[in-house]
Structure formats: structure tokens, C-alpha cells
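**Q** Have a look at this prediction, sequence included:
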Amino acid sequence: MTTNPTPTPPVRVVIVDDHKMFRTGVKAELTEVARGRLDIVGEAPDVDAAIKIVKATQPDVVLLDVHLPGGNGRGGVDVLHGCVAQESLAGQPIRFLALSVSDAADDVIAVIRAGARGYVTKSITGTDLATAIRRVADGDAVFSPRLAGFVLDAFGASAGEIAEVDEELDRLSQREREVMRLIARGYQYKEVAKELFISIKTVETHVSSVLRKLQLSSRHELTTWAMGRKLV
Amino acid sequence: MPYAPALSVAPARPRMSRPEQQRWIAGVCAGLAEHLGLPLPWVRAGMVLLAISGPGLIGYVLLWALTPQQEGAEPIDPALPETAETARLGSHLSTRSLIGIGLAVAALGILFGLTKSIGPRLGLLLPVLAIGVVLVLGLTSADAAQRDRWLGRRSGWPSLARLAAGALAVAIGAIVLLSRGESVGAASDIAVATLVVLLGLLLLVTPLAVRLWSDHGAAQSARARADERADIAAHLHDSVLQTLALIQRQAGDPARVATLARVQERELRSYLYGGDVDAETSLEAAIGAVTDELEMAHGIPIDVVVTGEAEMDERVHALVRALREALTNAVRHGATPVALYVEAGPAGIEAFVRDHGAGLDLEAIPEDRLGVRESIMGRMSRAGGSATVRRLDPGTEWTLNLPTPTTGGKA
């Protein structure tokens, strides 16, 4: 993607967060670290305004707070449900990157299962956030160390459960487990790639595959949370 | 009966109530004077005259029972605001004075009834009055605020004692009333009959008591919710508001502000999502305690991820202490971000401490320097584990490994 002779158009971003201060801060930070690569096209403070502005602006990426007023009271999940099958101007599906102050497992699982492509905490630096947005726009998944830890826990990987075949939805493959462990240890994707002697693209593939399992698995630990939130 | 009209209250007059200030006994005369627009001394004199002649006493007790206390009177309990129910049933005179007056009247009744030195009218009247007062006492007890005090937190022996005293007064009153002029032998028959009647009353009252009790259950759960809210408010006040105040005062010092915010965030997070885990028994809590302490001391954030859970024993304590050293190294010599990942599984516990500093060259560290060699590596090997360090680009990563002892058979 970097060798492309024609410069890639900026990623069009909508920021959804009920705190104006936070929206302003993120906007300033993103403009500073990623001028020309990111274009903030809109912002919204609640569920209904978010759905409206996403449909109106058709962005590439929506930065989505997990806890939002309005809608059916389920915050970011409601926005995801309200924007199903929406496409960006470029004709790609709109990607959502969840952003939260919460570490609660059910918050994480709720937005991921509703379709978010990644989950980062609000303490993330501007540079890392810009990278995460870029990555999500490209269709990859973004896992914070904490989300990786949660995945390892939920799939029983830390207890030694490993999938026999990669396609198995209820367990992680050996490689996926290694990738998740390195992310949990605070490694960047490129460090993970170097550590495992694989390409960054392969790391991204593994992470996306874990995200898919997270969304589709009916594993008990996942479905309990999901059912508690009326997601399945 | 000059005061008969007072009972059918004329609408134009002020609603009759018993004032707090000018009362002698229960404020009936004062209330009556205000209501009728008559001078208070006249009313009192009239009441005393009527009381001596007999019926005035009954009138007084009735008025007392049926007239609400004046608005703005002392609340029974500041925590329990007056409800409509209490206002309607009114007459929340202090329980102590009611009991006192009731017992006094009962005692008088006994005295007069036994000595028979008085006319038949008073001999009849006083026991009836005793019963009346006790019933009033019972009525007031049925209003909501009183009921809470009855059955609520501070119930226990005072409410039981009051019930017992009430029952006793009614029994004595009834016995005296019925045994007027009879022999002692007849009195004992009457005592038995009275007890039977009381038993019947008890049976009648029991369902009501049960209902009151279930009402009380609902009230208690509501109170529990309110208590919880108060707890949360108190916690936010002690933690978040204090920190915000500190931050405002130190707004010029970004590093200090960041530390304050970080520490507060962590504290709040553990309050919201942590539950009551004990650092003595839970690995995750023990690690949380260590990282909190280091963040507070050095002002550098540590990203902590813990998966799985392990029981704390001597070896795990050793691991946590070694981790503490490794983290101290990371926050003092490394650079942010500092990440800690701990994985507890059936095979053992693995912990990784990662920083992004210039890197630690183990060869360059003198053999005798205590910090690294002794407190991390030595500690781990004594606990039956191992510790390795390696340089990354950029940074340093410690790997601590504590395998589950094969003899222990612990899962």
C-alpha cells in the first residue's frame, strides 16, 4: 500500500462520543499527527445523531464510543445496528473502531460482536490511534493489549486450549494464540511480525481471523455475555 | 356540652392541630383554643372542670388521638421525612410520654378500683381510659414512620417492651374494670377470660403484623438501594472530587496532573469493575496492588493485562516480588509504554515486563549489583522458576516463568 504511486486519499473519519471535550481533543490530536492522511468529516454526541451523520457523510471509519446516550440504551451497539450495510463513499463497508474508557469484558464483547473492527482504550496515544484508524480502514482488525488478553481468556487459550484446525470457531489456533500473546505483551504489529518471522500482513490476517472468531463463536463464555446484552 | 361542635369541624376555621409550643400535656387545649378563637386559659379551665366531672377526660383523649400534630413539628427521625400517612394518622406524640401517661392512668385505675373509695362513675371511667390510651398508643404505632422505628434497625427490645407494657396495661385495665366490686376468686376467673380475649386479639392482629412486616421488607430494600447510592456518592466525593480539586490546583504541572489522573483512573476502575478481591488471595489483585504503588511512586503508567487466575502461595508471592523489581527497573530506567502481561495457566505462570527504553545490558551489570541478579533472578530460581531478560529494538523485556510444581498436582 505504501508503494502505490498515486497518493492514497485521506481516510474520512466520523467521531462519535458524548463528551465534547473528548471529541475536540481527539480531533486536534489526529489533525496534528496525521495531517492530510485523516479527514474528520463529522462528529456526533449520541446514538441517533451518530446514525444520521454516518448515513449523511458515508465515512470510511467511525470512531465509536462504547457508552452513548440515546437509541435503545445500548450505546455503540445501537449505532452499529443502525448503520448495518452502510457503505463509504469509496464503496467499502463502513468500519467501526470502538473507543472506550471501560475495561469491562461485556462492553468489549458487545461492540465486537455487533460488528466493530477493533477496540482501543481512550488512553491510546494520537499516533497509535491514527495507525489504528488506518488499519481499520484497510479492513484489518485492531486489538489493544487488553482486548488480546481478554480473547486469550475467553477462548481458554491461557488455560492451554488450542484449536486442532484453524477454522474451529471456539478455540484459537497455535499461531493466533502466539500473536495474541505478543499483542498482550505490548508488541506492535511489526514487532510481532519480527518475533514470529512472519510478515506484517500475516499478523493482520491472524488478528482478523481472531476477530471473526470473536464475532461468530458460540463459546460459552462469549455467549453468556452476549446474551446478557441481548445480542444473540 | 359546649365543646360538642368542636368535633364536627367548621370548615371556615383553621384546621385543628396540636401545637408544639404551648402544650401542657398533648397540646389539645392549645389547639382547641386556636381553632375556636377562644383564650387559652378559658379553654384550659373548662377542660379541667369537665375532666373532674368525668366526660371531659374521654373528650380530651379522643381529641388527642384524632388531632394531628401541628405542621413543622419536630420530625420523629430526620432520616425519615414525614409521609402523608403520618400526617393523616397524626398524633405522633413521643412514645415515652404516651407510655408514661397510659401507665399512670392504669395505675390510678387500679388504685381506685381496689380501694373502691370513689364513686362508681370514676371507677368505670379510669380503666376504660387506660385501655383507650393504650389503643391510641397502638394506633400511633401503626403509622409509617413509627412502624419503621418499631421494626427497623433500632427495634429490638424497646418495641417488644412497649408491646408487652401495652398488653399488660390492657389486661390490668380489663381485669379491674370487670372485677369491680367482686371477690378475689371472681377476679381470677375474669383474669382468665381477659387472657383469652387478649389471645383472640393477638390472632386478629397477626395478619396485620405480617403485612406490616412485608411492607417493611420492601422499605428495607429501598433503603438498601439508597444506602448504596450514598456509598457511591461518598466514594466519588472522597476519590474523584478530591483528585479533580488537586488537578485544578496543580494545573501548571503536566506530569503531576497526568499522574494524578492515572492513579485516580485506576482506583475508580477497580472500584467499578474490580469487585472485592483480596491482594492476599488473588494473583490479579496482588499484581494490581504492585502496579498501583509503582505508578503512584514514579508517575509512569503501566499497561497491565492478566489472563487466568492463580491461587497465591509462597512461590507466587515470590513471583510477584520479582515482578515488582522488574517493573521498578522498567519505570526507572526504561521508557513508556511499560507493559505487563501475566498468563496463569495449568502449566504455570508466565509474566512479561516490557519497556521501550534504551535497553538493559545484563553483561554490563556488575556481578554484585543486588537489584537485578538477586531480587529478580535469584528470587525466581529459589521459587523453582526462572527469569530471563533480553533486549528488543527498542526496549527491554523480562520474562519470568514459574512452572507448576509437578509434585503438587495443582491445576
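**A** Perfect, thanks for sending it.
**Q** C-alpha only now, for contacts and for neighbours.
**A** Will do.
**Q** Helices of chain A, start to end?
**A** A:20-33, A:47-57, A:76-82, A:105-113, A:126-137, A:145-154, A:174-184, A:189-196, A:200-216, A:220-228 (DSSP state H).
**Q** Worst mean pLDDT among those?
**A** Sorting the helices of chain A by mean pLDDT places helix A:220-228 lowest, at a mean of 60.
**Q** What is the least confident helix or strand in chain B?
**A** The helix or strand of chain B with the poorest confidence is helix B:84-89; it has a mean of 40 (mean pLDDT, DSSP states H and E).
**Q** okay, now B:Leu203: neighbour count?
**A** For B:Leu203, the tally of surrounding residues (other C-alpha atoms under 10 Å in any protein chain shown) stands at 11.
**Q** Am I right that it sits in a helix?
**A** Yes - counting by DSSP: H, G, I helix; E, B strand; the rest coil, B:Leu203 is part of a helix.
**Q** With B:Gly217 as the reference, measure out to it.
**A** Noted for B:Leu203: a distance of 22 Å to B:Gly217, by C-alpha to C-alpha, to the nearest Å.
**Q** before we move on, what about B:Gln22?
**A** Using C-alpha to C-alpha, B:Gln22 is found at 39 Å from B:Gly217.
**Q** so what's B:Arg324 closest to, chain neighbours aside?
**A** Among residues not flanking B:Arg324 along the chain, B:Val290 sits closest, at 6.4 Å (C-alpha to C-alpha, 6 or more residues apart in numbering or on different chains).
**Q** Surely the one you found is in a strand?
**A** No - applying three-state DSSP, one finds B:Val290 to be helix, outside a strand.
**Q** That one: neighbouring residues, count only.
**A** Using other C-alpha under 10 Å, B:Val290 has 20 other residues around it.
**Q** Please apply the same query to the one 5 residues further on.
**A** For B:Glu295, the number of neighbouring residues by other C-alpha under 10 Å comes to 20.
**Q** Then A:Val192?
**A** The burial count for A:Val192: 22, using other C-alpha under 10 Å.
**Q** B:Thr243 contacts B:Ala261, doesn't it?
**A** Yes - contact criterion C-alpha atoms under 8 Å: B:Thr243 and B:Ala261 qualify, at 7.4 Å.
**Q** Just list whatever residues bridge to the residue of the stretch 201-350 of chain B found nearest chain A.
**A** Residue nearest to chain A within the stretch 201-350 of chain B: B:Gly345 (4.6 Å; C-alpha to the nearest C-alpha). Beta-bridge partners recorded for B:Gly345 (DSSP bridges): B:Gly348.
**Q** Is it in contact with B:Glu311, as I believe?
**A** No - using C-alpha under 8 Å as the test, B:Gly345 is too far from B:Glu311 to be in contact (11.1 Å).
**Q** who's more crowded, these two?
**A** Neighbour tally, B:Gly345 and B:Glu311, criterion other C-alpha under 10 Å: the higher count belongs to B:Gly345, 21 against 14.
**Q** quick one: pLDDT of the more buried one?
**A** 83.
**Q** buried residues in the host helix or strand of B:Leu323?
**A** If you go by DSSP states H and E, B:Leu323 is part of helix B:314-333. Within helix B:314-333, the residues scored as buried using 16 or more other C-alpha atoms under 10 Å in any protein chain shown are B:315-331.
**Q** and if you look at stretch A:122-135?
**A** Buried-residue list, stretch A:122-135, by 16+ other C-alpha under 10 Å: A:Lys122, A:Gly126, A:Leu129, A:Ala130, A:Ala132, A:Ile133, A:Arg134, A:Arg135.
**Q** Grab the nearest non-local neighbour of the fifth one.
**A** This points to A:Ala132. Nearest residue to A:Ala132 in three dimensions, chain neighbours excluded: A:Val142, at 6.1 Å (C-alpha to C-alpha, 6+ apart).
**Q** so who does the one you found touch?
**A** A:Leu97, A:Arg117, A:Gly118, A:Tyr119, A:Val120, A:Ala132, A:Arg135, A:Val136, A:Val207 (C-alpha atoms under 8 Å, 6 or more residues apart in numbering or on different chains).
**Q** Just list the residues touching the fifth one, thanks.
**A** With C-alpha under 8 Å, 6+ apart as the criterion, the residues that contact A:Val120 are A:Leu97, A:Ala98, A:Leu99, A:Ser100, A:Val142, A:Phe143, A:Ser144, A:Leu147.
**Q** And the pLDDT for it?
**A** For A:Val120, the predicted pLDDT is 87.
**Q** A:Arg177 against A:Val151, yeah?
**A** No - A:Arg177 is beyond contact range of A:Val151, at 9.1 Å (criterion: C-alpha under 8 Å).
**Q** Out of these two, name the residue with the larger neighbour count.
**A** Ranked by neighbour count (other C-alpha under 10 Å), A:Arg177 and A:Val151 place A:Val151 first, with 29 against 25.
**Q** dump the residue contacts of the more buried one.
**A** Applying C-alpha under 8 Å, 6+ apart to A:Val151 gives the contacts A:Met180, A:Leu214.
**Q** what residues does the stretch 251-400 of chain B put near chain A?
**A** Residues of the stretch 251-400 of chain B lying close to chain A by C-alpha under 8 Å from any C-alpha of the partner chain are B:269, B:273, B:304-308, B:338-341, B:343-346, B:352-354.
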